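[1] build the 3D model from these lines:
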Amino acid sequence: MSDVRATLACLANEEVARVFASIVLRVSAGDIPRAKVERAVDVLTRSGLITATGDSLSLNSEGIRAEPLMRRRNEPDLHSPRSAPGYGIEMDQPRLIVEPLQRLTDTDGAALASLLTQLSASAEFDRARTEAVIAHEATELLVARDSGRIVGTATLVTAPSLTGLRGHVEDVVVDEASRGRGIARLLLEHMTQLAQERGLRTLDLTSRPSRESALRLYESVGFRRRETNVLRFSPTAD
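    Numbering: from 1, shown residues only. The predicted structure is shown next:
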């Protein structure tokens with residue numbers, strides 16, 4: 001389903017079209033951002049395949065009208081193509097990519113400082129610490145950019161142990177103005193892709209039990225809840 005319009009336009013068999021529509025309409029809003037579900041419904045409605053009235057949806061008996069769909073090729077995709085394994089996964093319109101931050105500019109620093117305040121009230125941006133994270137071989141500071149502007153970030157920490165190479169996800173946050181677009185999912189999918197490529201034995205993250213929507217997102221990209229306790233020791237300054 002990388003291109004909904006092209007797929008619909010090529011479906012000449014009404015039975016196949018109905019199956020495709022039912023799959024799209026049954027997707028949980030918790031797994032795909034609401035905006036993308038609404039966009040899919042809009043495409044299907046304009047195609048003549050379904051009728052949307054208020055919150056109800058129904059399939060039409062007529063086939064797909066391909067011509068109107070083909071005239072809308074320049075409209076945003078439901079799912080734009082993603083790159084092959086590696087850096088620079090693309091998604092959504094305008095151009096939104098995930099990439100490792102290689103150097104810290106003043107503009108990027110200001111964006112990260114804003115994101116940190118949304119992550120935690122006690123979090124403070126420190127330029128030297130951020131540059132150390134970028135430079136360290138065990139950490140990967142990933143950023144999501146919307147037309148060049150940082151709108152989300154997450155940090156991948158890897159460390160060798162006697163039982164294998166382990167990874168941990170830290171500081172996942174998306175700018176409030178850009179939430180609901182699947183950016184957090186894109187960051188996490190990039191994390192799991194890197195874990196596969198680098199041969200990590202495990203990739204862990206922690207989340208409060210009260211954050212049910214976040215937990216569902218984590219599970220939808222492959223993370224599983226564990227019956228364990230998280231303990232923390234916080235050294236105090238002398």
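[2] residues touching residue 228, list them.
    Counting by C-beta atoms under 8 Å, 6 or more residues apart in numbering, residue 228 makes contact with nothing. C-beta: built from backbone N, CA, C; applies to glycine.
[3] and it, what pLDDT?
    Reported pLDDT at residue 228 in the predicted model: 89.
[4] ok, the nearest residue to residue 123 once chain neighbours are set aside - contacts?
    Beyond its immediate neighbours in the sequence, the residue positioned closest to residue 123 (C-beta to C-beta, 6 or more residues apart in numbering) is residue 116, lying 4.3 Å away. Residues near residue 116 by C-beta under 8 Å, 6+ apart: 123-125, 171, 173.
[5] what helix or strand is residue 116 located in?
    Assignment of secondary structure by DSSP states H and E places residue 116 within helix 106-119.
[6] flag every buried residue along the helix or strand following that helix.
    Beyond helix 106-119 on the C-terminal side, the first helix or strand identified by DSSP H and E is helix 127-135. When neighbours are counted by 16 or more other C-beta atoms under 10 Å, the buried residues of helix 127-135 are found to be 130, 133.
[7] avg pLDDT for helix 127-135?
    Per-residue confidence for helix 127-135 averages out to 97 on the pLDDT scale.
[8] neighbours around residue 98, how many?
    When neighbours are counted by other C-beta atoms under 10 Å, residue 98 registers 26.
[9] er, residue 192 I mean
    17.
[10] do the same with residue 168
    By the other C-beta under 10 Å criterion, the neighbourhood of residue 168 contains 16 residues.
[11] partners of the strand or helix carrying it in the sheet?
    Taking DSSP H and E as the criterion, residue 168 maps to strand 164-174. Paired with strand 164-174 in the same sheet, following DSSP bridges, are strand 149-161 (antiparallel), strand 202-204 (parallel).
[12] isn't residue 168 up against residue 154?
    No: with contact defined as C-beta atoms under 8 Å, residue 168 and residue 154 do not form a contacting pair (10.9 Å).
[13] where's residue 156 relative to residue 178, distance?
    In this view, residue 156 and residue 178 are 21 Å apart by C-beta to C-beta, to the nearest Å.
[14] who has more neighbours, those two?
    Taking neighbours as other C-beta under 10 Å, residue 156 and residue 178 compare with residue 156 leading, 23 against 18.
[15] tell me the contacts of the more buried one?
    Taking C-beta under 8 Å, 6+ apart as the test, what residue 156 contacts is 139-140, 142, 167-170, 191, 194-195.
[16] at 7 Å instead, please
    139-140, 142, 167, 169, 191, 194 (C-beta atoms under 7 Å, 6 or more residues apart in numbering).
[17] no more questions from me, cheers.
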